[in-house]
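Q: with the input below, show me the fold.
(one chain, ligands or ions: 1)
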Amino acid sequence: MKFFVDSVNMDDIRFAHELGILSGVTTNPSLVAKEGVDFTSRLQEIVSVVKGSVSAEVIATEAEEMYKEGKELAAIAPNITVKVPMTLDGLKAVKALKADGIETNVTLVFSSVQALLAARAGATYVSPFIGRLDDIGHSGVNLIGEIANSFALHNIDTQIIAASVRHSMHVAEAANQGAHIATIPPKVIHQLVQHPLTDKGLDAFLADWEKMNEKD
Ligand code: E4P
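A: Okay, here's the model as predicted:
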């Protein structure tokens, strides 16, 4: 499983990039609004750092408008992936963008049938939102497993991005359930690195080294 970062903040994106773990970035309109930046300029900044897929979401809701907006976003850089919501119009837009050789990420996926439809329309990626499913008492990680089984059974090569990730267990379970990618908020990257036994072990190594040097 690969790691994307779910952020439009340049410090967070550079931080993840410098760790050597970053294969891509996902953005969404809420993240852009929270950051309060010009979307096009920020995408230009992101693609100057990250060479993997950078998902940029359309705001239009009608297929023809989604297609036009998607073409404009894709023109920013070759590694822009057009993010399209899981609607009937979204599926039409995915088909049209694929015909132009443009990668798409179908977002707001909450069932395996939605994922199958997105894949058949030609989506490069599907993004099941696992945290938001957990919030309403369903199992987000089980959905990842269902989609992975369905795609394997039907020889579908659309990649599964585990999205709406809230904590490190989501990442571990998404990997076990067959997600190709997890798109992770920056705070979860910090959680993933930490383990109390790592800290304890490192403290002990350094203390023993110190003691040995004191004897000399
Ligand atoms: C994914 O592409 C979305 O941007 C994101 O993961 C949504 O997560 P949220 O449910 O925390 O808003």
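Q: got a list of what E45 touches?
A: Residues in contact with E45 (CB atoms under 8 Å, 6 or more residues apart in numbering) are M10. To be clear about C-beta, it is placed using only N, CA and C from the backbone, and glycine gets the same treatment.
Q: what's the spacing between it and E103?
A: Between E45 and E103 the computed distance is 20 Å (CB to CB, to the nearest Å).
Q: how about A60?
A: Applying CB to CB to A60 and E103 gives a distance of 18 Å.
Q: which one's more surrounded, those two?
A: Under the criterion of other CB atoms under 10 Å, the comparison of A60 against E103 puts E103 first, with 20 against 17.
Q: ok, the more buried one to the ligand distance?
A: Counting by CB to the nearest ligand atom, to the nearest Å, the gap from E103 to the ligand is 14 Å.
Q: dump the residue contacts of that residue.
A: S53, I80, T81, V82, L97, T124, Y125.
Q: how many neighbours does the fifth one have?
A: Yep, that's L97 we're talking about. The number of residues packed near L97 is 26, by other CB under 10 Å.
Q: thinking it is in contact with A74, fair?
A: Yes. Under the criterion of CB atoms under 8 Å, L97 makes contact with A74 at 7.4 Å.
Q: overlap in contacts of the two?
A: Common contact partners of L97 and A74 (CB under 8 Å, 6+ apart): V82.
Q: angles on the backbone of the residue nearest in space to the middle of the chain, please.
A: What sits nearest the mean C-alpha location of the chain, by CA atoms, centre = their mean, is T183, with 2.8 Å. Dihedral angles of T183 (phi, psi; degrees, to the nearest 10) stand at phi -100, psi 120.
Q: could you give the bridge partners of it?
A: F4 (DSSP bridges).
Q: so which residues on this structure come close to the ligand?
A: Residues of the chain lying close to the ligand (CB under 6 Å from any ligand atom) are D6, T26, N28, T107, S127, F129, G131, R132, A163, S164, T183.
Q: which residues in the protein form helices?
A: 10-18, 29-35, 39-49, 63-74, 88-99, 112-121, 130-135, 140-153, 168-177, 186-193, 196-215 (DSSP state H).
Q: any chance of the ones you listed in a markdown table, with mean pLDDT too?
A: Compiled in a markdown table, the helices of the chain are given as follows (pLDDT from 0 to 100):
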| stretch | mean pLDDT |
| --- | --- |
| helix 10-18 | 98 |
| helix 29-35 | 98 |
| helix 39-49 | 98 |
| helix 63-74 | 98 |
| helix 88-99 | 98 |
| helix 112-121 | 98 |
| helix 130-135 | 98 |
| helix 140-153 | 98 |
| helix 168-177 | 98 |
| helix 186-193 | 95 |
| helix 196-215 | 95 |
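Q: who wins for proximity to K2 among those helices?
A: helix 168-177 (10.0 Å; CB to CB).
Q: output the contacting helices and strands for the closest one.
A: Packing partners of helix 168-177 (3 or more CB pairs under 8 Å, 6 or more residues apart in numbering; DSSP states H and E): helix 130-135, helix 140-153, strand 159-162, strand 181-184, helix 186-193.
Q: taking helix 140-153 as reference, get the angle to it.
A: On the basis of axes from the mean of the first three to the mean of the last three CA atoms, to 10 degrees, helix 168-177 is oriented at 20 degrees to helix 140-153.
Q: buried stuff in helix 168-177?
A: Neighbour-count burial for helix 168-177, with 16 or more other CB atoms under 10 Å as criterion, is recorded at S168, H170, V171, E173, A174, A175, Q177.
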